[in-house]
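*Asks:* next come a sequence and a model predicted from it.
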Amino acid sequence: MRNPRGLFSTLASRDYKLNTMAAALTVLFVFLHIFTFSAMESASEQVLPQKHPRITGCVSTNMETFRCRWNVGTSRNLSEPGDLRLFYINKKPPPNSSKEWSECPYYSTDRPNECFFDENHTTVWTYYSVQLLSRDQTILYDENLFDVYEIVQPDPPVGLNWTLLNVSFTGSYYDIMLSWKPPQSADVAMGWMTLHYEVQYRDVNSDLWEQVDLVKSTHRSIYGLQADVNHEVHVRCKMLGGKEFGAFSDSVIVHVPFKVSGFPVVALLIFGALCLVTILMLVIISQQEKFMVILLPPVPGPKIRGIDPELLKKGKLKELTSILSGPPDLRPELYNNDPWVEFIDIDIEEHNDRLDTDCLMERSLSSNCSPFSIGFRDDDSGRASCCDPDLPSDPEPSPFIRLIPNQTHSKEPLCPTTCEPSSEAQSPVTGEPRFVAPGREALYTQVSEVRSSGKVLLSPEEQTVKSTGKDIMVGKEKKEFQLMVVNPDHGGYTSELNAGKMSPMLSSGDMSETYQKSDTTPMSPLSPAPVYTIVEGVGRQNSLLLTPNSIPAPQLIIPKIMPTPDGYLTPELLGSVTP
Amino acid sequence: MAHSRGTNGSKLFTIVLYMVAACSSIPISDLLDRASQGSDKLHSLSTTLTQDLDSHFPSTGRVIMPRPSMCHTSSLQTPNDKEQALQVSESDLLSLARSLLQAWEDPLVALSTSANTLPHPAQGAIFNKIQELQEHSKSLGDGLNVLSGKMGPGAQTISSLPYMGGNEIGQDRISQLINFNFLLSCFRRDSHKIDSFLKILRCRAAKMLPEMC
């Protein structure tokens, strides 16, 4: 085993040696660096990164002449004029091509380092080769190859001017029209050069230029400039198909002050609007009713005249709905548009048991056909019911009595015993135009009078003959019938006036009398044309109040014909109604 | 001398123009306007096409570009500056424009077929633009044919400038690109010539409409 201390000592000594060597090396390196740096510095002082003379560019402004410029670079001994020379060769087409290099025809005097080629030395659509040589033509510094038509950069446009187009309504924005002229040097008039222009504008405070699309014309509009702000505008141009733009023109400052119009337009508008609104309101308020009628036409009330509004008041909706919702086959009849006369109005609820035709008869006097006073409070509808309790006192001839043999309605029991026309069956119906030949038992006639005794006096045939030809002839031998043949076309109510006149004058059983009476009385509806009227209500003594006879003769009801929406329910139809 | 001849020619042209304008349905100035718009479009297209081509390759290729005298249309004698151009008669100008346009019919086909397989990143866009170029060239040619019918016999002559290049523009990638570039630059120059001639014609015909020029 070696002595570790010795090892260590050797190691330590070795380390020491290494350390010294490293230190020496580093010192050496440092010295070397310093040395090289200094050397480099000295070298850079002597030999700068050499910038050779270069041709900076050849530019033509009008495609007739051009200039070539170069810079000297950093070489000191080339700063004198003549140290650099420009040579060119123009590679014209074969007939005129020269193989020799020529020197610049004219070295510019106003600017150094520029060569100007005038018209005589400029040809378009030929290649030029330009070389920058030293004085002794031994050193070629730079070379350039171009065609004149490609190096065109036009002069800036001149005469930039602007005019105000219009100002916005609020006065804070405006539009202007810019106009300019092409540069003097460019021959645009002969078509030798075609220029495209580019306009740029900006707010003087900002750095960003707004660009407008290229235009071929010498004017351009700019929209939406802000008032009270200085705008700077300039324009430049380039050849069609050229690569580079020319220089920008001089800038023009555009300024439009914010004009507060002395005429407060806005205030005036608001005032005018308010006035208009006020006037409208006044008009509407003053003409309120008219407007209400126009705008909201009154909804017509329900026209089911069989319905007593008292029912509604009393809240008897059940009967109401039962009346309204009749059997389905009744429904279509409710929407008929035929302008004709009302049905016999039946007040179902209260006079259900009074629908007997025997009310018309004498017998009924003592029966429960006592005059009713109820149910006739509907003022707007006329009523004529066959079984009107008032009828005995106020004869209202019902035109709707149909003579049907042996046809009895369940609700309308005939009174064969009391009715004189025993073989006939009477049922107050809507006049069905059953034209029966004379001799047949079924006849239609018109009731001319219903007497208090219950007798129904009918108009004789002659009358109906006179009125229309459609009347059924009732022979004079049938005078005992106190029923009249109903004229389906001209059945007729009579007015109260007529009825009133008739009642005191009528004598019982005298057909002719009645005939006469009816003839004499202005039953104008019968003689030429019997006229219906509407029962307005019940007067005193249970008399029917009828409207004046102004309604033209309407059609007689035919059960098949649909009643008007405000139609009455006929007794016949009523039979089918199930309350 | 040449100048007086030029002014006499222009006067004669104006008189002829008035007469023709009175008789014809579409005035010549309108036709010229349309034609110059078409040539506008043609030249713009070729410029953008060159930009597309150069976008991926630096223009060092310009240095090694073949000489422009090698364009197949260089044999045509055209005015080289403004003075010369303004002295050429109208029918001659139109004839030159028509000849140049006709000369590029076949080369455009060659460009189109080579654009199919051009080793260039923007090959698709280039191909589409070549197609557009062909269409516009065709429509402009038709328009110029119509125009020449109204401008006298001098406008009818078309110089033949055959294209000898065939449909192949190079074997390897580099030569393909170089030849394509070169052909396109020739086309650009010629389209600019056509455009300039037509603009000169238009401004001469539009003396009664000063706002056109």
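*Replies:* Arrived safely.
*Asks:* in the stretch 101-250 of chain A, what residue comes closest to chain B?
*Replies:* A:G191 (3.3 Å; Cβ to the nearest Cβ). Where you see a C-beta, it was placed from the backbone N, CA and C, and this is true even at glycine.
*Asks:* so B:L184 touches B:T48, yeah?
*Replies:* No. Counting by Cβ atoms under 8 Å, B:L184 sits too far from B:T48 to count as a contact (11.1 Å).
*Asks:* and these two? Which one has more around it.
*Replies:* Just comparing B:L184 and B:T48: by other Cβ atoms under 10 Å in any protein chain shown the higher neighbour count belongs to B:L184, 21 against 14.
*Asks:* who's in contact with the closest residue to that one other than its chain neighbours?
*Replies:* Excluding its sequence neighbours, the residue lying closest to B:L184 (Cβ to Cβ, 6 or more residues apart in numbering or on different chains) is B:T50, at 5.8 Å. Contact analysis of B:T50 by Cβ atoms under 8 Å, 6 or more residues apart in numbering or on different chains lists B:181, B:184-185, B:188.
*Asks:* three-state assignment of whatever residue of chain B ends up closest to chain A?
*Replies:* Going by Cβ to the nearest Cβ, chain A is nearest to B:C203 of chain B, at 3.3 Å. Using DSSP: H, G, I helix; E, B strand; the rest coil, the structure places B:C203 in helix.
*Asks:* how much space separates the nearest residue to it once chain neighbours are set aside from B:I28?
*Replies:* Distances taken as Cβ to Cβ, 6+ apart put A:G191 closest to B:C203, at 3.3 Å, once the chain neighbours are dropped. If you measure A:G191 against B:I28 using Cβ to Cβ, to the nearest Å, the figure is 15 Å.
*Asks:* and B:G9, its phi and psi?
*Replies:* With angles defined as degrees, to the nearest 10, B:G9 sits at phi -60, psi -40.
*Asks:* for stretch A:171-186, buried residues please.
*Replies:* A:171, A:173-174, A:176, A:178-180, A:182-183, A:186 (16 or more other Cβ atoms under 10 Å in any protein chain shown).
*Asks:* just the C-alpha atoms of it, please, in CSV.
*Replies:* Only the C-alpha atoms of stretch A:171-186 are listed here, as CSV (Å, rounded to 0.1, in the frame of the first residue of the first chain):
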residue,chain,number,x,y,z
GLY,A,171,-73.3,69.5,-40.2
SER,A,172,-70.6,67.3,-38.7
TYR,A,173,-69.7,65.4,-41.9
TYR,A,174,-69.1,66.6,-45.4
ASP,A,175,-68.1,65.3,-48.9
ILE,A,176,-65.6,67.0,-51.2
MET,A,177,-64.6,66.6,-54.8
LEU,A,178,-61.0,66.6,-55.5
SER,A,179,-59.6,67.6,-58.9
TRP,A,180,-56.1,67.9,-60.3
LYS,A,181,-54.2,68.0,-63.5
PRO,A,182,-51.8,65.5,-64.9
PRO,A,183,-48.1,66.4,-64.7
GLN,A,184,-46.8,68.7,-67.3
SER,A,185,-44.2,66.3,-68.5
ALA,A,186,-46.5,63.6,-69.3
